[in-house]
Structure formats: C-alpha cells, structure tokens
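[1] predicted coordinates and the sequence they were generated for:
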Amino acid sequence: MLFCLIGNLLQLLIINNVFTEGDYSMFFVYRYKQFIARALCVSLLLPAMLSAHTHAPDATDKSLISTIQKRYEHTRNKIANDLLLSVPNEFEHAESIITSFEWQELQANNLVKKLGKTETVFGRQGLKWLLMPVKGQHEITRRQTVVHALVDDQSFFTSLQTSLQKIKQGEDALLLYWDKNNPHHESVKSFFFKLLPADIKESFNNSALALNAGFAYSLFISSRILLYELGLGGIQAEFMSPHEDLNIRRGLKEGFQAPLRYHNWFQDKYKDLSSVKKSANPAEFSLKKMYTILSDGSFGDKYAFFKDAYGGGIFGKLVGATWGGIHAISYDWLWGMLTYYAWTEMKDRIAVVNAAQKVLVDVAALMRGLQELETVVSRSPVLRGTNVHQHLQRVMNKRYWSKNFTDLMRLLHSSTFDGSTSWFYSRGNVLRAHRLLAQVKQELVPALQAAAQYDAYLSIAKLFKDYQDKENTFCFVDFVDSDAPVIDLQECWEPLVPGDTHITNDIQLGVDHKPTRMVITGPNGCGKSTYLKELGHAVMMAQSWGIVAAKEAKMTIFHGVRTSLDPREDLSKGISTFMAQKKRIKQVHNFLQASDPSFKILAMLDEPYRGTTDYQSAQRIYSFGTQVAQLPHAVVCIATHVRKPIELEQDTKGAFVNYHVEIDETQEGEFVRTFKLAQGPATWWFDDQDRAARFVDWLDTEMLRRAKGVSEEDTF
C-alpha cells in the first residue's frame, strides 16, 4: 500500500510538470477512466480473496490435528461417558444396594480414579458400572469368575489386553465424531456437493470417484486468484491503451505477459508509441502515451519516457528509475501476496483431507481392535454367551450390518487407511468414509459399551495381580449363608489412603454371634472416619468387583447400604449442618425400619447430629441406637466423640459393642495415631481432660505441619 501511495504522488507531480493548466479537463477524464479500471479489477479480485479465507481453514496436517486434540483433551472423558450412556445398557435396570448419596459419600469416583488401570477411555465408565454394588449373588459370582480367569490365564489376559490397546489407538479419533464443537468436521463438509438436486447430490456424495473429482476441482478453484491477477492486469492496461477499440482477448494476452514485461530493462511500448503519428490533439496523445507507459510499460519504457520528458537530464533519469522500480516492486508485492493466498488455500484444503485420513486410519485400527476383541471373547467360555457379548457380536457380525456400515467397513479395510505415509491415496475414499462414519456412528455404541465392560474386568484383574506380591493385598470374597448379617475381614485396609503402606484392621461383625452394631469413640482426627470408609468400601467392592482390600474376606450378601458420613449444609435452602444431619439420619432410620427383615442392611453414621451441643448430639445418638438395636438384620456403625452412646453396650444387652482407635502418647504432648481399632470405649478422651487438651493442641500443630510439608523433627 505504501508503494501505491508513493506512485500516485509521483504521478501527480509528473502530470503537473508536463501539462499546462488548460489540459486539466482531459487529465481528469483519463484519471476517472483509470479509477474505473482499477475498481473493476478490485471488484473481480475481491471475491477470490474472500473465498480463500471462507473455504479453507488456516491449518497444516500436524497443526490441525494438534489443535483438535488439545481442545479435545478437556472434554474427552465427558464425551466418552455421554456416548456410552446414549444407548440403553444392562446396568440401567440393575438394582443397586446403594443410592447416589452413598456413591458420593463413599467417594466412589475417587476409588475408580485411584484403582482403575483401564486401557481405554471407555473402561473408566465400565469400572463405574461394575462398581455399583448389586444384591444378586449369581451376578457377583459371574464377575468373580471372569476376573479369576484373567488372573489365572496369562494368555487370555494378554489377548484381551492387546485387543483393547488397538481400540485405545483409535478411541480419540472416533470420539471426535461425537464432539459437536469439532471445527474439523465442518471443514470436511466443504468438500461435499451441495448445490445439486437431492438425488444427484446423494449419488455424487456416495461416489469416491465424484468426490475425488470434486477435491481436484477445489484445488483448481484455490489457484483461480492467480489467474485473475494475470488476466485482470492486462484488462486494466487495455483500458489505458491508445487503441480505439477495447479488445479483452488482447488484454488477457498482455496480462499474462506482464510479469516479464514489468521487469524488462529494454524499451517496449515507448519505442512503438514514439513512431506513431501524433493525433490532432497533442495533449490527448501525450496523456494516452503517458498512461500507457505508466501503467503497462516496461522498466525501460518508464525510464526512457521520464528521461525524454525532462530533456534527458539527471532529474528525469532519477524519476524514471524510481517510478519503474516502485512499479515493479508493487507488482511483485501484490503478486507475492496473491500467490501466498492461493498456495495457503491449496495447502489448507489438502491438510484438511490429510487430517481426516489420519483420523480415519486410527478409526480403522479401532475397528480391527473391536473385531479382535469379539474373537477373543468368543473363544472364552466365561465371556461367551453373556448379554454384553451378544451386543458386541451383533455390531461386529457382517450379517447384522446396514448397507452404510458395510460400505464403511469395506473402505476402512482398504489401502487408503492401512497406515502408510504415501501421499498418493484416494481423497474420495477419505471423504466418503468420513461421511459414512458420521451416519452410522450410533450403531457402534453397543460395541463400545462391551469394550468398556471388558476393559473394566481387565482393570480389576490388573489391580489384583499388581498387589499379589505386596504387603497389602486384594482378595476374592467368599459369601456365606446366614440368617443374621456377617462381616469377617482379615487385615482390611483403606485403598484411598495415600502412600504405599496402609494400616490394616480385622473387622468382625456378627462372627460367632458377636454383635453387629458398634460405637467407635475418640477425638476428631483419630481415624474413626477412615475406618467407616474402609468398611463401606469393603462391602461396596465385594458386591461389585468381587474383590476386597483385605487378606481374607467373608460376608453375607447385603441388600442395602445407607450412610450419613458428611451431610452438608445448604444455605440456598436454609438448611444448616445440624438440619442436614437430622434429615439424613431420619432417612437412614426410616429405611432400616421399612426394610424386609430377611434383608441384611449396613448403616454407617459418622459424628451424627453434629452442629448442635454435645448434650443434644449425645441424647439423639443414644435414642437412635436404642431403636435400631431391635433390628436383627441391621449392621450399624456409629462414630462419635461424645460419651453417652457408649452406654448402648450395656443398655441394649450386648446389641452394641464399644470400640476406639488407639492413640499412644509417647511423651507429654507428643502422640502417635496408630489407626488400629481396639475394643472398648476411649475412656481417656472422656475422663482425662488434660490429656485430651494436649492431644487437640498436638493435632492442630500436626495438621499445620502436614499442610506446610514440615517434618516432625523440624517442629519443636
């Protein structure tokens, strides 16, 4: 733009120097004629420039895929979950022993996150499905059989893992087709035929040959801007020529010769014009000659013209050389800019299809993984014939494929998607496969649901195998028949506690006619809450994954688990902490009272009725305990720091038993929390107020130390 401005200023200077005041009328006529020519060129050129930005994204193969993946990483889990839940699955109607409240309070999502060892993004949802505990012993035993087979049969384990790893290779590529905000899909749509009758459009969009031709034509369209510049430059020169007629053909020819002519150091048009007989109007002829030289002459023409105009002096030579140079540079800049636009559009169009091909190569790998998974499952007696296998088999069996799905699978098995890096492949196959996959993607969901479940089983087997040689292990649960509920866990530990070493506890409720109800007393921070979660996770995992974080586990089947571990206040509804506690405990109590006496129920309450005075809390816990003591089918665990509930052991005639979590005072003011459960109440907490105060002060210091990452040795 700067070069053009300088050129116009020089042109005005020259005109003022060459023509007299009486010639200005003719000057403005030709000036207006030149403006029309330039406006025409710009008006024809502008659509091509806009088209380059409208139809081609700014991308390369790698940058396009990288941009999509970076944006997609934040949403991939949600997209996968929404996909798997978009089609009914067998878990929707399964009757669970917990509600969403217990799922949240027992931090089940964290359990999946920490213990999950899935191969695919779908496996995470599969683990969640399987972690929802059920009451049917037959179903739990079936799951244990699958995990047992994977643990014991290394060949089966490896085959299943290999097929799932192939699915993992293409999971991100496939999930992009469920991402509504994926800009890449909109870019690919620009290659399909749109402005045609419906029948013809459908035929063309289903033809790889037609789509190949359309892709080639789109590349030609991308280069049209160069043709416009070459041709329109000559048409503009034709407006300025001394010829009486306006010959478009001659103008186009002149335009295509322009790149060479503008850099020609020899005279071209000026030599011809100087030999033409002058017209009756010398001023008009001079204007025509000048504009021809200024707009379309070679570098040598411009130099010679200005040299003659100024009588061959040094000023004329300097002006001629300057104007010729500016004109050539301006033309080069415009030519370079348009060439860049055209090349960028062509490159981006190619990049869009190349990116689509790379995505579909991964999808093809996923499809092969699904077919291999179906083969592995079909050979396994413990997996073959289940509902989930039937869903997988129906998706991967050719007999059940729709026409579009058949065409898609045929394309994905072609050389276009074999993973080779050759540039020569059918773009039409890529575009057609992309369109078919978008149409049939929902048909794949049942197969992906099956992959999610099998990945979950593999993850459970990995978890079991990984802990076999460690001090803390997982074990398969043995379920026992008993009229009364029984929980017998040896060296049970809490999986969510950070670190590699975990404190173990033996949990025995209902064993050898022992009480099935307990009160755990002691100060806050001694480990009561951890123990309740340990018990809750044991029952939850036993009746879902079939394994427990313990050395040995036996229990009856439970028909319900209810918790009140941490009900929160809700200020928007005017519910305080105490009211939230009171409401939740009432719900637990009503569930216990209304449940079938033949069912076994586990109820766990952590610091119930907090948010009020200790006296009120103690009285309400005691009242709750006396009522549930009359329910022989209930296992009830209450953790509290108030005294009154310990009287339940005596007042309910042994229906309750007191426990506490041991805390050792190594020296005055220094404590060690053992996190080990011991029988009997925490009498020191109630009777020794000085020691209780020292513990509270020590715990406060300990929590600050842990928050700052300071070791005990550094704290006085």
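    Sure thing, it's come through. Residues are numbered from 1 along each chain as shown.

[2] how close does Lys117 sit to Trp493?
    Remark: distance between Lys117 and Trp493 (Cβ to Cβ, to the nearest Å) = 18 Å. No exception for glycine: its C-beta is placed from N, CA and C like everyone else's.

[3] mind checking which of those two has more residues around it?
    A count of neighbours by other Cβ atoms under 10 Å puts Trp493 above the other of Lys117 and Trp493, at 24 against 16.

[4] how near is that one to Phe671?
    Using Cβ to Cβ, Trp493 is found at 22 Å from Phe671.

[5] now do Leu383
    On the measure of Cβ to Cβ, Leu383 and Phe671 end up 52 Å apart.

[6] quick check: mean pLDDT of whatever helix or strand Gly214 lives in?
    Here Gly214, judged by DSSP states H and E, is contained in helix 208-222. Averaging pLDDT along helix 208-222 gives 85.

[7] and it, what other elements does it pack with?
    In terms of contacts (3 or more Cβ pairs under 8 Å, 6 or more residues apart in numbering; DSSP states H and E), helix 208-222 is packed against helix 24-55, helix 198-205, helix 314-378, helix 427-440.

[8] pick out the shakiest of the ones you listed, pLDDT-wise.
    Mean pLDDT per stretch puts helix 24-55 lowest among those, at a mean of 40.

[9] ranges for the strands of this structure?
    Taking DSSP state E as the test, the strands found in the chain are 475-476, 478-479, 487-492, 505-509, 517-521, 547-548, 552-555, 560-564, 601-606, 634-640, 656-667, 670-679.

[10] tabulate those strands (CSV), appending mean neighbour count and distance to Ile97.
    Compiled in CSV, the strands of the chain are given as follows (neighbours: other Cβ atoms under 10 Å; distance: least, Cβ to Cβ, whole Å):
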stretch, mean neighbour count, distance to Ile97
strand 475-476, 18, 19
strand 478-479, 15, 13
strand 487-492, 22, 14
strand 505-509, 20, 17
strand 517-521, 24, 19
strand 547-548, 26, 15
strand 552-555, 22, 12
strand 560-564, 25, 5
strand 601-606, 24, 8
strand 634-640, 25, 12
strand 656-667, 18, 23
strand 670-679, 15, 24
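
[11] quick one: contacts for the nearest residue to Phe405 once chain neighbours are set aside?
    Once flanking residues are discounted, Phe405 sits nearest to Val440: 4.7 Å by Cβ to Cβ, 6 or more residues apart in numbering. Residues near Val440 by Cβ atoms under 8 Å, 6 or more residues apart in numbering: Ser402, Asn404, Phe405, Leu408.

[12] ok, the third one - how many residues close by?
    It stands for Phe405. Quick note: Phe405 (other Cβ under 10 Å) scores 19 neighbours.

[13] model confidence score at Phe675, please.
    In this model, Phe675 carries a pLDDT of 91.

[14] if we can go back for a sec, just the helices and strands packed on helix 208-222: most buried one?
    Across these, averaging neighbours per residue (mean count of other Cβ atoms under 10 Å) puts helix 427-440 on top, at a mean of 22.

[15] dump the C-alpha coordinates for it into CSV.
    This file holds the C-alpha atoms of helix 427-440, laid out as CSV (Å, rounded to 0.1, in the frame of the first residue of the first chain):
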residue,chain,number,x,y,z
ARG,A,427,-9.2,-38.5,-1.2
GLY,A,428,-12.6,-39.6,-2.4
ASN,A,429,-12.4,-42.7,-0.1
VAL,A,430,-11.5,-40.5,2.8
LEU,A,431,-14.4,-38.1,2.2
ARG,A,432,-16.9,-40.9,1.7
ALA,A,433,-15.6,-42.8,4.8
HIS,A,434,-15.9,-39.7,6.9
ARG,A,435,-19.5,-39.1,5.8
LEU,A,436,-20.5,-42.8,6.4
LEU,A,437,-19.0,-42.8,9.8
ALA,A,438,-20.9,-39.7,10.8
GLN,A,439,-24.1,-41.5,9.6
VAL,A,440,-23.6,-44.9,11.3
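
[16] now that helix, how far from the centre of its chain.
    The chain centre lies 22 Å from the centre of helix 427-440; the measure is Cα atoms, centre = their mean, to the nearest Å.

[17] what does stretch 104-120 give?
    Remark: stretch 104-120 is offset 19 Å from the chain centroid, using Cα atoms, centre = their mean.

[18] same check, this time on stretch 157-172
    How far stretch 157-172 lies from its chain's middle: 19 Å, per Cα atoms, centre = their mean.

[19] same deal with stretch 147-157?
    32 Å.

[20] and that stretch, how far apart are its ends?
    Start-to-end span of stretch 147-157 (Cα to Cα, to the nearest Å) is 10 Å.

[21] ok, residues contacting that stretch?
    160, 376, 380, 382, 457-458, 460-461, 464-465, 476, 545-547.

[22] what subset of the contacts of Val440 is buried?
    For these, a burial check counting by 16 or more other Cβ atoms under 10 Å picks out Phe405, Leu408.

[23] how about the contacts of Val440 in a markdown table, adding pLDDT?
    Below are the contacts of Val440 laid out as a markdown table (pLDDT from 0 to 100):
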| residue | pLDDT |
| --- | --- |
| Ser402 | 90 |
| Asn404 | 93 |
| Phe405 | 93 |
| Leu408 | 95 |
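
[24] low-confidence bits of the chain, can you list those?
    1-74, 224-248, 251-262, 265-296, 309-311, 709-716 (pLDDT under 70).

[25] go again using 50 as the cut-off
    Under the criterion pLDDT under 50, the flagged ranges of the chain are 1-59, 274-285, 710-716.

[26] if we can go back for a sec, so how far is the helix holding Gly214 off the chain centroid?
    Between the centre of helix 208-222 and the centre of its chain there are 32 Å (Cα atoms, centre = their mean).
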